[in-house]
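Visitor: Predicted model and sequence follow; I will ask about them next.
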Amino acid sequence: MIWVYKKWVYKKKKPSLIVNVVFMGFSLAFFYALARAEIISVNPLNAIYDFRILTMITRASFNDFVFITGLALVFITFIWLVKSEKIRKVGYGIFIFLALLSTLFAFTNITTVIFLGKPVTYQWLYYSDFLGSTEAKTALRENLSFSIVGNLVAFALSMVILSYVLSKASRLLSAHKYLKYFTYSILGLGLMVLFFIASRTKETWTKGQSENAILSMGFSIFSANSNSSFFTSKIPNEMKPFDPSQSKKINSPYLSMEDHKVKNVLFIILESAGASYFDGFGGKYQLSPNLNKYASHSLIFDQMYAHAPATNLSLASILGSMYPYLSYKSLTQEAPDVEHPTLSSVLKNSGYRTSFFSSADLRFQNCGQFLAHRGFDVVEDFSAIECLDQFQEDNFKELNGIDDLCLTNRLTSWLDENPKQDFFSVLWTVQGHYPYFFNKEEEDFGVDDFNFNRYLNCLKHNDELVGNIMHGLEERGLDSTTLVLVIGDHGEAFGQHQQYGHGTSIYEENLRVPFYLINSNLFHGEHKSDISGMKDLATTTLSLLNIEIPEKWQGRDLLSTVSNETFFFAPWSDYLFGYRKDNMKYIFNESQNTVEVYDLLKDPGEKTNLNKDIRKEEIEYARHRLAAWAQFQGKFIKQILKEED
């Protein structure tokens with residue numbers, strides 16, 4: 001191109017900076033389209049023999065083209081208005097830098113959309129404590145390599161080279177006037193036809209797959225502190241005031257004897273443990289032989305939910321018997337020393353020894369500081385618990401964590417320090433969290449996804465932890481006097497609704513968790529199928545121990561009441577509110593102004609949206625219930641934060 005250019009047009013004037021901006025804009029649009037093709041899973045090379053591929057890519061890239069056009073127009077206007085050639089060149093240099101940066105955004109967005117279902121938002125960066133936590137840094141390093149970085153740099157440089165080629169080709173055409181007019185006419189007409197047909201192409205992808213990453217980030221920053229309409233909408237007068245512990249008393253208690261001898265409490269919280277993967281909840285992977293063994297000594301809850309798909313929010317709900325802070329922010333991060341009674345502080349004041357042991361890094365979202373104000377005698381994470389199996393092995397050199405099985409020795413050594421005093425302890429695992437560290441020989445569960453297979457191995461590993469803990473209690477004669485609670489802190493998705501992980505959505509795979517109450521004197525394999533939530537755990541525990549329940553708590557006693565509803569929330573990708581009543585589940589997406597409705601009895605996988613098939617009155621009722629919940633909880637959180645001030 002350079003040789004031909006010098007032979008044909010060496011006497012021509014250099015193209016203006018405005019022309020260079022235009023061609024770099026076209027080059028940027030081309031590379032955005034390549035990235036978008038990957039996101040919507042089509043091969044652009046197939047457009048050679050199937051024109052529909054080209055129209056699909058163009059349709060999916062509309063938002064990208066709008067962004068690129070706007071960016072180019074801003075700098076074209078700047079260059080046109082500024083008289084100083086030096087300042088104009090500086091402006092052009094800034095445009096080149098932004099174009100390069102935009103190319104990187106376009107291609108990193110591919111992985112983001114695959115995992116989250118949509119581009120990264122400001123709320124996600126806050127939740128992940130981006131580059132401020134070791135967990136965030138680990139996730140970033142886990143998805144970067146020399147080859148990936150090299151590819152990203154190559155894409156960015158190729159974008160610049162293509163703009164150079166287009167500019168030179170244009171000048172070659174300019175050397176032949178009629179060829180120039182003919183070529184531009186054909187190209188212009190072709191683009192018009194392409195955009196017209198693309199505009200009429202039926203979309204087969206989600207909005208998240210077609211959102212521009214930079215525009216999405218900008219909008220999320222702009223709207224970060226705006227409230228959903230649920231916080232301000234009027235609630236019908238005929239609707240009763242919201243009661244967070246609303247339930248009905250049951251006649252038949254779930255305890256086999258009134259004068260039980262249970263006095264100790266042990267919570268085993270399994271990180272990112274979705275109910276549907278476990279044997280007792282319809283799982284087909286044979287993950288839980290130990291939980292199966294103790295099922296005959298358990299009360300099993302079939303419909304237990306996290307109220308939000310996030311560890312730190314579940315932590316506040318579990319210990320503080322409360323619905324979560326309805327914000328992308330969190331109590332652990334914003335107010336770790338907030339004055340609110342928790343299960344640990346109440347039991348500490350009742351003479352219990354208390355401890356919290358985690359195999360993860362409690363610096364995430366300031367959880368360690370939050371726990372330091374909750375009445376625990378001992379709070380330890382990976383950095384303090386002795387364990388030979390550290391995560392600093394193999395491909396996990398930057399991950400802060402230890403093998404979950406090491407929690408067994410730490411708990412038993414703590415129990416042996418004072419075996420006569422009543423105790424409350426929490427064990428919180430980490431291996432179920434991405435990147436699903438597992439350093440043993442992996443079992444093949446017959447799934448195609450490497451990460452999913454490793455995750456299933458981690459869950460089976462956690463089941464081994466449960467078996468070890470129960471054996472340790474039995475050896476010390478504590479099994480009959482200890483209530484063991486085994487539960488997931490939230491679920492984990494593997495592509496069921498085109499998203500992975502747990503914080504993106506509020507489908508069943510994100511929220512529904514296994515829940516066992518284990519004690520051979522109290523339970524004998526019973527199941528409880530009404531709807532329950534994380535906020536009910538602390539209340540149930542104190543009720544069983546016959547200890548007074550704090551007035552501020554929002555939970556109910558799961559052993560003496562039933563409920564047919566609960567509420568969900570997730571603000572980090574889209575602004576999501578969820579409501580379940582009986583078999584019906586409603587998901588309101590406030591970011592996209594959409595509603596999804598599912599009948600979980602007939603459709604447990606939430607595949608068929610019944611939004612258009614049910615009466616509008618039912619959706620309105622769900623909307624009003626959510627509004628009542630949001631407004632009640634908003635005032636509740638403001639009140640406890642005000643008391644802290």
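Guide: Here it is on my side, so go on.

Visitor: Check which residues of the helix or strand harbouring Lys638 are buried.
Guide: If you go by DSSP states H and E, Lys638 is part of helix 616-644. Residues 619, 621-634, 636-637, 640-641 are the ones in helix 616-644 that count as buried (16 or more other Cβ atoms under 10 Å). In this view, the C-beta of every residue, glycine as well, is placed from N, C-alpha and C.

Visitor: helices or strands up against the lengthiest helix in the chain?
Guide: The residue-count maximum for a helix in the chain (DSSP state H) belongs to helix 85-116. Helices and strands touching helix 85-116, by 3 or more Cβ pairs under 8 Å, 6 or more residues apart in numbering; DSSP states H and E, are helix 17-39, helix 62-81, helix 146-174, helix 207-210, helix 213-222, strand 500-501.

Visitor: pLDDT below threshold where in the stretch 251-400 of the chain?
Guide: Per-residue confidence for the stretch 251-400 of the chain (pLDDT under 70) gives these ranges: 255-259, 392-399.

Visitor: ignore the last one, the stretch 101-250 of the chain
Guide: Looking at the stretch 101-250 of the chain by pLDDT under 70, you get 122-145, 175, 220, 223-228.

Visitor: and the spatially closest residue to Gln369 that is not a sequence neighbour, what does it touch?
Guide: Using Cβ to Cβ, 6 or more residues apart in numbering and skipping residues adjacent in sequence, the residue nearest Gln369 is Pro336, 3.8 Å away. Residues near Pro336 by Cβ atoms under 8 Å, 6 or more residues apart in numbering: Asn366, Gln369, Phe370, Ala372, His373.

Visitor: Recalculate using a threshold of 10 Å.
Guide: Ser330, Gln365, Asn366, Cys367, Gly368, Gln369, Phe370, Leu371, Ala372, His373, Arg374 (Cβ atoms under 10 Å, 6 or more residues apart in numbering).

Visitor: Assumed it was part of a helix.
Guide: No: counting by DSSP: H, G, I helix; E, B strand; the rest coil, Pro336 is not found in a helix; it is coil.

Visitor: sorry, back to before: I'd like the helices and strands packed on helix 85-116 written out as CSV, with mean neighbour count added.
Guide: Output for the helices and strands packed on helix 85-116, formatted as CSV (neighbours: other Cβ atoms under 10 Å):
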stretch, mean neighbour count
helix 17-39, 21
helix 62-81, 17
helix 146-174, 15
helix 207-210, 19
helix 213-222, 18
strand 500-501, 20
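
Visitor: about what we covered before: quick one: the longest helix of the chain to chain centroid distance?
Guide: The chain centroid and the centroid of helix 85-116 are separated by 26 Å under Cα atoms, centre = their mean, to the nearest Å.

Visitor: Just the buried residues of that helix, please?
Guide: So, applying 16+ other Cβ under 10 Å, buried residues of helix 85-116: 88, 91-92, 95-96, 99-100, 102-103, 105-109, 112-116.

Visitor: Taking helix 17-39 as reference, get the angle to that helix.
Guide: With axes from the mean of the first three to the mean of the last three Cα atoms, to 10 degrees applied, the angle from helix 85-116 to helix 17-39 works out at 10 degrees.
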